[in-house]
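K.L.:
fold the following for me, if possible:
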Amino acid sequence: MKIAIVGSGYVGLVTGACFSEVGIDVVCVDIDRKKIDNLNNGVIPIYEPGLEEMLLRNMKKGRLSFTTNIATAIKDCEVLFIAVGTPPDEDGSADLKYVLSVARDCGKHMDDYLLVVTKSTVPVGTSEKVRLALQDELNKREVDIDFDVASNPEFLKEGAAIDDFLKPDRIVIGLESARAKELMKSLYKPFTLNGHPVIFMDIISAEMTKYAGNSMLATKISFMNDIANLCEIVGADINLVRKGIGSDSRIGNKFIYPGIGYGGSCFPKDVQALIQTAGEFNYNLRVLKAVEEVNKDQKLVLFNKIMNFFEGDINGKTIALWGLSFKPQTDDMREAPSLIIVKKLLEAGAKVKAYDPVAIKEAKHHFGDTIAYCEDQYETLIDADCVAILTEWPEFKFPNFKIIKKLLNTPAVFDGRNIYDKAEMQQNGFDYFCIGVDTTRQPAQINAAQLETLLKD
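P.N.:
Sure, this is the predicted structure:
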């Protein structure tokens, strides 16, 4: 089987690599000539664990190729995936111009049956727009060629995308014809042999499933961050609260870790797009609007803690930052909390020194020479007045605290990901601040008589 994937970004490259890994002939298409030339020369434009090795291996075996020519890619192709970007418009809705452009190109160049599948995250109703755009081009050519459209949303976690594709929790496919179903069953057969489920449904439901899934996860994150902020006020410990509620199987222990807000290419964009879609149908998604508002405010929490510690004046202070990407195992900085935090620090007159294991190159596109970039985490601490952890990279979890304390002008640590133990940090002489715990409050003391009464109760 030969398939084409239009769009050689994150989703397109992972999809192409994984399909070629199981023996399918894949041609990836992109209009960016420089990107395609780099890919053909083995230069990968994104960081994702395991992706480079898989791409190079399958290119060498002749199962994976890259081109800017969609007409060539479509020839003898049975399935074409649309995996181009859907950036948010000014009103938060998804911009479909790239998706519909691919659909029109299919109509211009196809000469036999083709199944066109939207892999990009698209609003409800997009597949019908794809169908109309494609049919319009066929009508202009005055040809009658059969085709189908389908929706196959991706559920890839950045940093674990290869495993997610090869061993999926589920494969969601929205389609309308028996022919399309048989093609998709055949295509995904290698991934379902070990019991990974394929869920077939109508196209509109498949499109909604993607947005609903990401919005639910975003809701869990904002809920926990809201509760974390309340915990600080009343004197509770969000880390203990998280364990208490996470043991309930109805809630689970995933996506209930407090922090400095969600970012990345999916959650912010998808929440906004779903709110916009609801608005088009005169429905008010009140919960998701609150989710978005909480997340916006949460990105300021760590900055406010730094300002409070320095009594509202950080002009001339040097702030060390550990981590810039929105999460570990990726160089993606789209909607990352670091973008807001760095901006606020600089506006307040602070100097910023930063280190990230893989995102420094990407950070330079955002910050230019307004901050200093360091080769390792400890270099950031030299002459710094405090350190803030923005991304929970593994190498930050067990640092040498003696070195940290020795290098910092002030032994102050602002932990935006709650990766350190409050008691241990305070015992080591640090001013320690995290999310959802009032580290300045002393735990209540219970005497023997009070303890005996509690135990009786």
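K.L.:
any low-confidence regions in the stretch 351-457 of the chain?
P.N.:
Counting by pLDDT under 70, the stretch 351-457 of the chain contains low-confidence residues at 441-457.
K.L.:
quick one, helices of it?
P.N.:
For the stretch 351-457 of the chain, the helices defined by DSSP state H, counting those that start in this stretch cover 360-367, 401-407, 422-427, 448-456.
K.L.:
now do the stretch 1-150 of the chain
P.N.:
Using DSSP H, counting those that start in this stretch, helices in the stretch 1-150 of the chain cover 10-21, 33-40, 51-60, 70-74, 97-109, 126-141.
K.L.:
CA atoms only: put the fifth one into PDB for me.
P.N.:
Read it as helix 97-109. Extracted as PDB, the C-alpha positions of helix 97-109 are listed here (Å, rounded to 0.1, in the frame of the first residue of the first chain):
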ATOM      1  CA  LYS A  97      -7.000  27.600   4.700                       C
ATOM      2  CA  TYR A  98      -4.100  25.000   4.600                       C
ATOM      3  CA  VAL A  99      -6.500  22.100   5.000                       C
ATOM      4  CA  LEU A 100      -8.800  23.200   2.200                       C
ATOM      5  CA  SER A 101      -5.800  24.100   0.000                       C
ATOM      6  CA  VAL A 102      -4.700  20.400   0.200                       C
ATOM      7  CA  ALA A 103      -8.200  19.300  -0.600                       C
ATOM      8  CA  ARG A 104      -8.200  21.500  -3.800                       C
ATOM      9  CA  ASP A 105      -4.800  20.100  -4.800                       C
ATOM     10  CA  CYS A 106      -6.200  16.600  -4.500                       C
ATOM     11  CA  GLY A 107      -9.100  17.500  -6.800                       C
ATOM     12  CA  LYS A 108      -6.700  19.000  -9.300                       C
ATOM     13  CA  HIS A 109      -4.300  16.100  -9.500                       C
END
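K.L.:
that helix packs against which elements?
P.N.:
Counting contacts by 3 or more C-beta pairs under 8 Å, 6 or more residues apart in numbering; DSSP states H and E, helix 97-109 packs against helix 70-74, strand 79-82, strand 114-118, helix 126-141. Heads up, the C-betas are built off the backbone N, CA and C, glycines and all.
K.L.:
neighbouring strands of the shortest one in the sheet, and parallel or not?
P.N.:
Using DSSP bridges, the strands paired with strand 79-82 are strand 2-6 (parallel), strand 114-118 (parallel).
K.L.:
what residue spans form the domains of this protein?
P.N.:
According to automatic domain parsing, the chain is divided into the following domains: 2-201, 211-298, 301-433.
K.L.:
distance to T439 and mean neighbour count added to those, as TSV?
P.N.:
Output for these, formatted as TSV (distance: least, C-beta to C-beta, whole Å; neighbours: other C-beta atoms under 10 Å):
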stretch	distance to T439	mean neighbour count
domain 2-201	29	18
domain 211-298	9	18
domain 301-433	5	19
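K.L.:
mind putting these into JSON lines with distance to T440?
P.N.:
Converted to JSON lines, the domains of the chain look like this (distance: least, C-beta to C-beta, whole Å):
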{"stretch": "domain 2-201", "distance to T440": "34"}
{"stretch": "domain 211-298", "distance to T440": "10"}
{"stretch": "domain 301-433", "distance to T440": "8"}
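K.L.:
returning to what we had before: mean pLDDT and distance to F191 added to the helices and strands packed on helix 97-109, as TSV?
P.N.:
Below are those laid out as TSV (pLDDT from 0 to 100; distance: least, C-beta to C-beta, whole Å):
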stretch	mean pLDDT	distance to F191
helix 70-74	94	23
strand 79-82	98	14
strand 114-118	97	15
helix 126-141	96	22
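K.L.:
looking at these, which is closest to D105?
P.N.:
In terms of C-beta to C-beta, the element of the helices and strands packed on helix 97-109 nearest to D105 is helix 70-74, at 4.9 Å.
K.L.:
figure out how far that closest one is from the centre of its chain.
P.N.:
Its chain's C-alpha centre lies 30 Å from the corresponding centre of helix 70-74 when counted by C-alpha atoms, centre = their mean, to the nearest Å.
K.L.:
cool, and stretch 240-252?
P.N.:
Distance, centroid of stretch 240-252 to centroid of chain: 24 Å (C-alpha atoms, centre = their mean).
K.L.:
tell me the mean pLDDT for that stretch?
P.N.:
Average pLDDT, stretch 240-252: 95.
K.L.:
what do you get for stretch 52-65?
P.N.:
Averaged across stretch 52-65, pLDDT comes to 95.
K.L.:
at which residues are the strands of the stretch 251-400 of the chain located?
P.N.:
Counting by DSSP state E, counting those that start in this stretch, the stretch 251-400 of the chain has strands at residues 318-322, 351-355, 372-373, 386-389.
K.L.:
I'd like those as CSV, with distance to D105 appended.
P.N.:
Output for these, formatted as CSV (distance: least, C-beta to C-beta, whole Å):
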stretch, distance to D105
strand 318-322, 43
strand 351-355, 41
strand 372-373, 40
strand 386-389, 45
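K.L.:
ok so, going back, nearest to K108, out of the helices and strands packed on helix 97-109?
P.N.:
helix 126-141 (5.1 Å).
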